[in-house]
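> Here is my input; please provide its structure:
(one chain, ligands or ions: 1)
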Amino acid sequence: MRIGVLGGGQLAQMLALAGHPLGLRLEFIDPSAEACAASVAVQHQAAFDDLEALLRLAERVDCITYEFENVPSRSLEFLAPRCTVYPPLAALALGQDRLQENSLFRQLDIATPDFVAIDGLDDLQRGMDQIGLPALLKIRREGYDGKGQAVIRQPQDAAAAWAAIGQRAAILEALVPFEREVSIIAVRHPGGEVRCYPLTENTHRQGILSRSIARPDDPMQPLAEEYIGRLLERLDYVGVLALELFQLGDRLLANEFAPRVHNSGHWTLNGAETSQFENHLRAVAGLPLGSPRALGPSAMLNCIGRMPPAAEVLTIEGAHLHDYGKQGRPGRKLGHINLSAPDGAALEQALAQAEAILQKGA
Ligand code: AMP
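Next comes the predicted model:
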């Protein structure tokens, strides 16, 4: 069976690797001459809105999926009548717009930080009165990893924040003093079956995910499962969905969802019975889902900007290095280290060792 993917970055690369033992072959569209998935899958080098290339891909594959959410939704609209496309278009379209995304959370009774739509400085003045300060101004579209965001701490910061985000349509969101950032990843089969991975606790540096630790049996798991279950059902979703949340006391507030495999689920490659990549492919191919159960204490550290020496990382007991084969550049995700350990204390020790190696070159 052949699966088409829009996007040829590390997520497509890891999907291709996970699909291979199942006999699933991946072909992807990406305009870049350096798409890292090209080492393990067939590339059609073209723009994401190149209709001829989309048509060619649709003719060659049994189903199409995508690995990043800034794929033009028009391209999926074009593909949908010609080929099975999963996850559904509505999930991509809603996830591309923070206002629609937060409004969907609200409709589904999924708690969020307070937010208001902002289309100009006047709105911003009113918005600050409504939700209070500090607050975060976020562009509605195309923001990721903290890009297109400005913090407003005092009313006089408003004009500078509006300029900093390029005066683009935005939302103003209360800056929440969260205790933890967590995410839940779930997979839904076309037949409606849902499986949820254990909650993952995430740490960001400069807006970029740096560390994820799996937390099986976390007390917040049932609420997170309820929230993601509502989203999956409303969107009639197929594939892997990730939901990022802030924890405040016994509450979870939704930050955003990603209609794709997610960086906070990379630990599942070595730490779960079935990885998020394999389960995404099983779902879109209509195959039975695998168990998302954690095999034991597991964590992931991102390698950002430069790769650590493999020979050093692999001296750590339970460490697995994933090198995407990308050119180093500040702030770029080049690979990750997965860590598995027999118990929590051993995992903490492995994390400290791996972080020391990553720090050395920083
Ligand atoms: P985002 O691009 O929305 O995922 O934001 C990137 C990071 O900024 C998040 O992972 C949080 O660490 C932080 N952040 C985003 N929204 C808020 C908020 N409303 N309150 C506090 N921190 C936030």
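> tell me the SS of the residue lying farthest from the centre of the chain?
Farthest-out residue of the chain from its mean C-alpha position, per Cα atoms, centre = their mean: residue 156, at 34.0 Å. Using DSSP: H, G, I helix; E, B strand; the rest coil, the secondary structure recorded for residue 156 is helix.
> Show me what the helix or strand harbouring residue 242 pairs with in its sheet, parallel or antiparallel.
Per DSSP states H and E: residue 242 is located in strand 239-248. With DSSP bridges as the test, strand 239-248 is paired with strand 180-188 (antiparallel), strand 251-258 (antiparallel).
> can you put the ones you listed in a markdown table and add distance to the ligand?
To be clear about C-beta, it is placed using only N, CA and C from the backbone, and glycine gets the same treatment. A markdown table is the format used below for those (distance: least, Cβ to the nearest ligand atom, whole Å):
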| stretch | distance to the ligand |
| --- | --- |
| strand 180-188 | 6 |
| strand 251-258 | 5 |
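> Could you tell me how many residues sit around the spatially closest residue to residue 118 that is not a sequence neighbour?
Ranked by Cβ to Cβ, 6 or more residues apart in numbering and with sequence neighbours excluded, the top spatial neighbour of residue 118 is residue 170, at 4.4 Å. The local packing of residue 170 (other Cβ atoms under 10 Å) involves 30 other residues.
> Contacts for stretch 187-196 next, please.
With Cβ atoms under 8 Å, 6 or more residues apart in numbering as the contact definition, stretch 187-196 has outside contacts at 86, 184-186, 221, 224-225, 228-229, 232, 237-241, 276, 279-280, 282-283, 286, 288-292.
> Make a ChimeraX selection of whichever of those residues turn out to be buried.
Applied in ChimeraX, the following selects the buried portion of the contacts of stretch 187-196 according to 16 or more other Cβ atoms under 10 Å:
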select :86,184,185,186,221,224,225,228,229,232,237,238,239,240,241,276,279,280,282,283,289,292
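> among the contacts of stretch 187-196, which are in strands?
If you go by DSSP state E, those have 184, 185, 186, 239, 240, 241 in strands.
> residues contacting residue 334?
If you count contacts by Cβ under 8 Å, 6+ apart, residue 334 has them with 303, 304, 305, 306, 307, 323, 324, 326, 328.
> typed the wrong thing, it's residue 53
For residue 53, the contacting residues are 29, 44, 46, 47, by Cβ under 8 Å, 6+ apart.
> Out of these, which two sit at the greatest distance?
Pairwise distances among the contacts of residue 53 were taken by Cβ to Cβ; the largest, 10.5 Å, belongs to 44 and 47.
> Number of residues surrounding residue 89?
Using other Cβ under 10 Å, residue 89 has 18 neighbouring residues.
> Correction: the previous question concerned residue 166.
Using other Cβ under 10 Å, residue 166 has 9 other residues around it.
> Tell me which residues are up against the top helix by length along the chain.
Using DSSP state H to assign secondary structure, the helix with the most residues in the chain is helix 344-360. For helix 344-360, the external contacting residues (Cβ under 8 Å, 6+ apart) are 211, 213, 297-299, 301, 303, 308-309, 312-313, 316-319, 337, 339-341.
> thought residue 22 was touching residue 278?
Yes. Between residue 22 and residue 278 a contact is recorded at 7.3 Å, counting by Cβ atoms under 8 Å.
> of those two, who's got more company?
For residue 22 versus residue 278, the count of surrounding residues by other Cβ under 10 Å is larger for residue 278: 27 against 13.
> That one: what's its closest spatial neighbour, skipping adjacent residues?
The nearest residue in space to residue 278 (Cβ to Cβ, 6+ apart) is residue 18, at 4.3 Å.
> For the residue farthest from the centre of the chain, list the residues it contacts.
Taking Cβ under 8 Å, 6+ apart, we find residue 156 in contact with no residue.
> which sections of this protein are below the confidence cut-off?
Residues of the chain meeting the criterion pLDDT under 70: 144-146, 361-362.
> got the residues of it near the ligand?
By the rule Cβ under 6 Å from any ligand atom, the part of the chain lying against the ligand is 113, 136, 143-144, 146, 173-176, 181, 204, 207, 244, 255-256.
> out of those residues, which are inside helices?
Among these, no member falls in helices (criterion: DSSP H).
> Mark which of those are buried, thanks.
Judged by neighbour count, with buriedness set by 16+ other Cβ under 10 Å, the buried members of the residues of the chain next to the ligand are 113, 136, 143, 173, 174, 175, 176, 181, 244, 255, 256.
> So in terms of bridging, what pairs with the fifth one?
Beta bridges link residue 174 to residue 135, judged by DSSP bridges.
> ok, it touching residue 114?
Yes. Judged on Cβ under 8 Å, residue 174 makes contact with residue 114 at a distance of 4.4 Å.
> residues shared between the contacts of the two?
Residues touching both residue 174 and residue 114 by Cβ under 8 Å, 6+ apart: 131, 132.
> how near is residue 241 to residue 213?
20 Å (Cβ to Cβ, to the nearest Å).
> Thanks a lot, catch you later.
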